[in-house]
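Visitor: Kindly return the folded structure for what I paste below:
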Amino acid sequence: MSKKLSRRFFLGGAGVAISLPMLDAMIPIGRRKAQAQGDDPTRLFYVYVPNGMIRTKITPSDTGAGYTMPSQLGGLEDVKGDFNILTGLSNHPGGGRYTYADGTVSNDGPGDHARDTGTFLTAARLKKTAGTDIRNGISVDQVAANHLRMFTPAIPSLVLATREGSYGGDSGYAPIYKSNISWANETTPMAKEASARAAFERLFAGFDPGETEEQRALRMARNQSVLDYCLDDITRLRGQLGAKDGVKLDGYLSGIRQLEIKLETEDSGVICDPGEAPPDNPGWLNLVDHMFEVVKLAFQCDRTRVATLMLEKPGNVYDFLSVDGNPVNSAHHQMTHLEAGNADVRRIEAINKWQLDQFGSIIRRFKGVDDGDGSLLDNSLVMFGGGLDGTGHANGDASLTPQASGPVHRHTNLPLFLAGRGRGAVRTGRHIRYTDNEPIADLYVSMLQAAGVPADSFGLEGTGPLSQLS
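Guide: Got it, this is the predicted structure:
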């Protein structure tokens, strides 16, 4: 047909609007039609921890499915078969010095904490600036959200953090880099939500768990099919479509009606009952737990299929933890420079164990949800980790004496864990060691492909899916 419809085309009548599915008439000539998993979604969850991890007690000495669980991962023994330990992956664009494919060299010096956060999900090169002329790249979660939004148009992605506001600058880098992991494009970070209640209300606006039977009956009695309001527009649109789009439109409208019927006959009035919203000010530790629950509910109810969470900021203080009866009351970032030597090493190890225990909490939470053809964990991929190797010791060896000026952070051999099977895309329960300095960007390509997002490359270095995952 000669007429092309806008992707924003909708049917309207009497104040009612119906958005349309992707039709061939909406796709520019020559562009490959987007593919995604409509009724069988793979969800993607990226959880970031700053400052890296000390590797000596989280890295198994052996590989494969028979590895011995390291001491720091002791709290994950019961879910060992549900995740992979990935060692040897790198994010070279996050380093102080970077050589582009054309041989051009960028040497930006210090600022590893800004580059840790800013490039973690973009695998791009930051422009070193303390002003507003920032430059990064689109993050992998937003690549996925842009493709999958046709299936979850209300909430394309959740961008969460447990701390709001700015996390501060770093060695000539603007604070915006260290404060955001999710980026809509090279100049625009996604606004992060630091309230579990606000995130819940955004996801489930309009659901009232306290609605009485009388109130529900009255609401249902007032409901009419939205299709009745749009008959004239539907008739006109059919005349503009080819045969293939006409079949697709009829199927889509039939689906709307079937959904209306189901909503009218459901005893609960809703397909997925998320329960009550989290409290406003639960305290930080409880907030972490509520954030995990909100993401689980969002995936379970198919309100979104992509989420990111900044588990903490670099300068967080973990005074709820203790070592030898003494609270860990120094800032995490400060301790990573090991000014107190082995005492700081032991404090960081306590922090790392707590972080990995949170990873276990996510795994168990997702594993406990029936997703029809497996658990929610079976049908998701959860990446947990950070963009620095730890305290900057060579090979993560905490026994080495720190440099007088503090260790140098590296963006190689990143602490990374991948849970879930992505509907069969990933084989779990293994320690996989990469020895050829593979980029983390290839892991992102694999995750995108598992979610049905067409992607052959990502960032500056991602050239294809990561080996050994399936």
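
Visitor: Look up how far Met190 lies from Ala154.
Guide: Between Ala154 and Met190 the distance is 16 Å, computed by CB to CB, to the nearest Å. The C-beta positions use only the backbone N, C-alpha and C, and glycine is treated the same way.

Visitor: And Arg346, by the same measure?
Guide: Applying CB to CB to Arg346 and Met190 gives a distance of 36 Å.

Visitor: Comparing the two, which shows the higher neighbour count?
Guide: Neighbour tally, Arg346 and Met190, criterion other CB atoms under 10 Å: the higher count belongs to Met190, 19 against 16.

Visitor: shouldn't the more buried one be in contact with Ala161?
Guide: No - using CB atoms under 8 Å, Met190 makes no contact with Ala161, being 10.5 Å away.

Visitor: ok, longest helix in this structure?
Guide: Residue-count comparison of every helix in the chain, with assignments taken from DSSP state H, identifies helix 342-367 as the longest.

Visitor: Give the buried residues for that one.
Guide: When burial is assessed from 16 or more other CB atoms under 10 Å, helix 342-367 yields the following buried residues: 344-356, 358-363, 365-367.

Visitor: cool, stretch 41-59 as well?
Guide: By neighbour count with 16+ other CB under 10 Å, stretch 41-59 contains the buried residues 41-59.

Visitor: which residues of the stretch 151-300 of the chain fall in helices?
Guide: For the stretch 151-300 of the chain, helices defined by DSSP state H, counting those that start in this stretch occupy the ranges 175-178, 196-203, 213-222, 226-229, 231-238, 243-265, 284-300.

Visitor: weakest of these by average pLDDT?
Guide: Comparing the helices of the stretch 151-300 of the chain by mean pLDDT, the weakest confidence falls on helix 213-222, with a mean of 57.

Visitor: circling back to that earlier point, so of the buried residues of stretch 41-59, which ones are in strands?
Guide: With strands taken from DSSP state E, the overlap with these comprises Arg43, Leu44, Phe45, Tyr46, Val47, Tyr48.

Visitor: Pretty sure the last one sits against Lys313.
Guide: In other words, Tyr48. No - here Tyr48 does not reach Lys313: they are 10.1 Å apart, not a contact under CB under 8 Å.

Visitor: and the gap between Gly131 and Gly172?
Guide: 10 Å.

Visitor: try Pro60
Guide: Noted for Pro60: a distance of 38 Å to Gly172, by CB to CB.

Visitor: So for the two, which sits in the more crowded spot?
Guide: Regarding Pro60 and Gly172, a neighbour count based on other CB under 10 Å identifies Pro60 as having more, with 17 against 13.

Visitor: Might one say that that one is in contact with Met69?
Guide: Yes - Pro60 sits in contact with Met69 when judged by CB under 8 Å, with a separation of 7.2 Å.

Visitor: What segments of the stretch 351-470 of the chain are strands?
Guide: In chain order, the stretch 351-470 of the chain shows strands spanning 380-385, 416-419, 431-433, with DSSP state E, counting those that start in this stretch as the criterion.
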